[in-house]
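Peer 1: Predicted structure and sequence below. I'll ask about it afterward.
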Amino acid sequence: MRGLKGKVAFVTGAGRGIGKAIARRLAEEGAKVAVADLDETSARSTAAEIGSGAIGLKIDISDSNVVRAAIAEAERALGPIDILVNNAGWDKAEPFIKSTEATWDKVIAINLKGPINCTRAVLDGMIARNRGRIVSIGSDAGRVGSSGEAVYSGAKGGIIAFSKTLAREVARNNIGVNVVCPGPTDTALLAQVGESNPKLLEGLKHAIPMRRLGQPEDIAAAVAFLASDDASFVTGQTLSVSGGLTMA
């Protein structure tokens, strides 16, 4: 894709799963990638696996001071951040009536405040350079709701609204801000769900018009497009990558 070679990308939650696939795809397209994850060991392992000058960093996106320090470390090693991918997320699926305030706080801190922290940390530099791409991994739960994920849906809906508003504010600075919403994707987390409820997993497969689960690489391809110069006139958009499961 055009315009990714030599760019510096910072990807959160990139030690495994979808984030790892995103980091790998951006590196394949020629970007220099900072692999950021709460699990420093997996971040460094992924960076080593990717090669191409990638670095692994520990980050807790819910802590703005930690975020700023990680961004500064990445910029010292690789150069100014051109691309931010807000991928890190967390959820605990359960009926809202059974959830606790501690769970609400954690879900909101990671899924809403975390991407806001990361975005704020890179934004001044992007504005000064008059260029940048910010792609957040949302969820169709934030567009249409999802049983057992009330607060998570609210947080992801917040990221969609935040991204649309920010896109308007920084469009004049040549900064694209978009959201990718994965459908059910073949990751370790979904596999755990399948182990505890095989019928649910099979039901998901049958509900998807394309009759398969998404692969992390499917999400990575959408992110790479939105991060590239091929998407230079695309901003404020929410793209579902769900095999047609949600057409919202």
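Peer 2: Nice, thanks for sending it over. Residues are numbered from 1 along each chain as shown.
Peer 1: Please make it C-alpha for all contacts and neighbour counts, starting now.
Peer 2: Fine.
Peer 1: Name the single longest helix found in the protein.
Peer 2: Determined from DSSP state H, the single longest helix within the chain is helix 150-170.
Peer 1: Can you tell me which helix or strand of this protein has the lowest average pLDDT?
Peer 2: Using mean pLDDT, DSSP states H and E, the weakest-scoring helix or strand in the chain turns out to be helix 188-196, at a mean of 64.
Peer 1: Following element in sequence after that helix, please.
Peer 2: Going down the chain from helix 188-196, the next helix or strand is helix 198-207, by DSSP states H and E.
Peer 1: Give me the mean pLDDT for that next one.
Peer 2: For helix 198-207, the mean per-residue pLDDT is 76.
Peer 1: how far is that helix from where the chain is centred?
Peer 2: Averaging C-alpha coordinates over helix 198-207 and over its chain gives two centres that are 24 Å apart (C-alpha atoms, centre = their mean, to the nearest Å).
Peer 1: now for the next helix or strand after that helix, which elements pack on it?
Peer 2: Per DSSP H and E, the first helix or strand lying C-terminal to helix 198-207 is helix 216-227. For helix 216-227, the packing partners by 3 or more C-alpha pairs under 8 Å, 6 or more residues apart in numbering; DSSP states H and E come out as helix 17-28, strand 132-137, strand 175-182, strand 238-241.
Peer 1: got the contact list for the residue minimising distance to the centre of the chain?
Peer 2: Here the mean C-alpha position of the chain is nearest to the C-alpha of N87 (C-alpha atoms, centre = their mean), at a distance of 2.1 Å. Remark: with contacts taken as C-alpha atoms under 8 Å, 6 or more residues apart in numbering, N87 is in contact with 11-14, 18-19, 136-137.
Peer 1: With R211 instead?
Peer 2: Counting by C-alpha under 8 Å, 6+ apart, R211 makes contact with 205, 243.
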